[in-house]
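*Asks:* Quick one: sequence and predicted model below, then my questions.
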Amino acid sequence: MLKSHLFSSGRSRIYWDGAALQAHAEALGDPSLNWLDLPALARAAGIAGDHVWVAPALAAQRGRRDVLDAYGAALRALGVDCRAVAGAGPEVECLRCGHGWTDGRAPSELTLSLKVLADAVEDVWDVAFIFASAAAVAAIAEPLGRLFPGKRLGRVVFGPSPRLRRGAPITAIRSADVAAARLPSPIRAIAPARALHPTIQPAAQEASPCP
């Protein structure tokens with residue numbers, strides 16, 4: 001485990017975009033990535049601090065609400081500050097067939113960005129690590145660097161670090177880090193009489209010829 005050079009001193013806070021985590025899990029076909037102990041995951045990757053998790057927009061979940069609620073309860077039990085998202089996100093429509101679906105990523109990115117900046121204004125952190133899209137991190141970095149030049153920003157990613165010439169320093173999460181941070185499965189996080197399993201399937205959508 002290599003300790004991030006950003007975490008050499010100062011108060012740290014780690015922000016997780018729940019929609020980005022879901023998108024990463026679905027892209028890899030590994031739903032267990034939706035069921036991680038985020039503080040343990042960060043420690044395995046060499047970073048530590050207070051944690052904030054922004055839930056994906058509930059309107060975009062379609063049948064996954066119970067599991068998302070269970071995960072939020074598990075994270076709160078681990079001391080994570082869990083934040084809900086207001087709004088459903090934009091409606092996305094296929095230009096070929098007209099098939100539409102709700103994009104739950106934009107509201108969580110906005111909520112996360114505002115939380116990072118609000119916490120900077122309240123001076124609750126010196127170093128912020130963010131798991132979100134590159135575009136979201138860049139959008140936060142610009143006003144942050146201008147308004148709070150003494151604060152440092154880092155990006156958290158799964159897999160090998162992208163080779164970037166510019167942008168926030170990157171902390172890479174390895175497969176071994178993920179394996180060390182899986183929550184028990186199944187767990188009884190909300191309803192004691194009902195086991196809740198972390199298998200979050202892709203949201204059900206109507207049949208569509210879209211590729």
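*Replies:* Cool, got the structure.

*Asks:* buried sites along stretch 37-46?
*Replies:* 37-39, 41-46 (16 or more other C-beta atoms under 10 Å). For glycine as for every other residue, the C-beta is placed from the backbone atoms N, C-alpha and C.

*Asks:* who's in contact with it?
*Replies:* 1-4, 7, 14, 16, 48-49, 51, 53, 75, 78-80, 129, 156, 171-174, 176-178, 180-183 (C-beta atoms under 8 Å, 6 or more residues apart in numbering).

*Asks:* from those residues, which would you call buried?
*Replies:* Neighbour-count burial (16+ other C-beta under 10 Å) applied to the contacts of stretch 37-46 gives 4, 7, 14, 16, 49, 51, 53, 75, 80, 129, 156, 171-173, 177-178, 180-181, 183.

*Asks:* Quick check: helices, which of those are part of them?
*Replies:* Under the assignment DSSP state H, the buried ones among the contacts of stretch 37-46 contribute 75, 177-178 to helices.

*Asks:* which element follows the helix or strand bottoming out on mean pLDDT in the chain toward the C-terminus?
*Replies:* Each helix and strand of the chain was given a mean pLDDT (mean pLDDT, DSSP states H and E); the minimum falls on strand 100-102 at a mean of 50. From strand 100-102 onward toward the C-terminus, using DSSP states H and E, the following helix or strand is helix 105-121.

*Asks:* wait, Thr111 sits on Pro56?
*Replies:* No - using C-beta atoms under 8 Å, Thr111 is not in contact with Pro56; the gap is 10.2 Å.

*Asks:* which residues are common contacts for those two?
*Replies:* Counting by C-beta under 8 Å, 6+ apart, the contacts common to Thr111 and Pro56 are Val85.

*Asks:* out of the ones in helices among the buried ones among the contacts of stretch 37-46, who's nearest Leu147?
*Replies:* Nearest to Leu147 out of these is Leu75 (C-beta to C-beta; 29.3 Å).

*Asks:* Point out where this protein drops to low pLDDT.
*Replies:* 1-9, 58-64, 86-106, 160-168, 185-211 (pLDDT under 70).

*Asks:* Would you mark the buried spots in stretch 25-39?
*Replies:* So for stretch 25-39, counting by 16+ other C-beta under 10 Å, buried means 25-26, 31-39.

*Asks:* Return the residues in contact with the closest residue to Trp125 other than its chain neighbours.
*Replies:* In this structure, Trp125 finds its nearest non-sequential neighbour in Arg13, 4.0 Å apart by C-beta to C-beta, 6 or more residues apart in numbering. Neighbouring residues of Arg13 by C-beta under 8 Å, 6+ apart: 49-52, 119, 124-125, 127-129.
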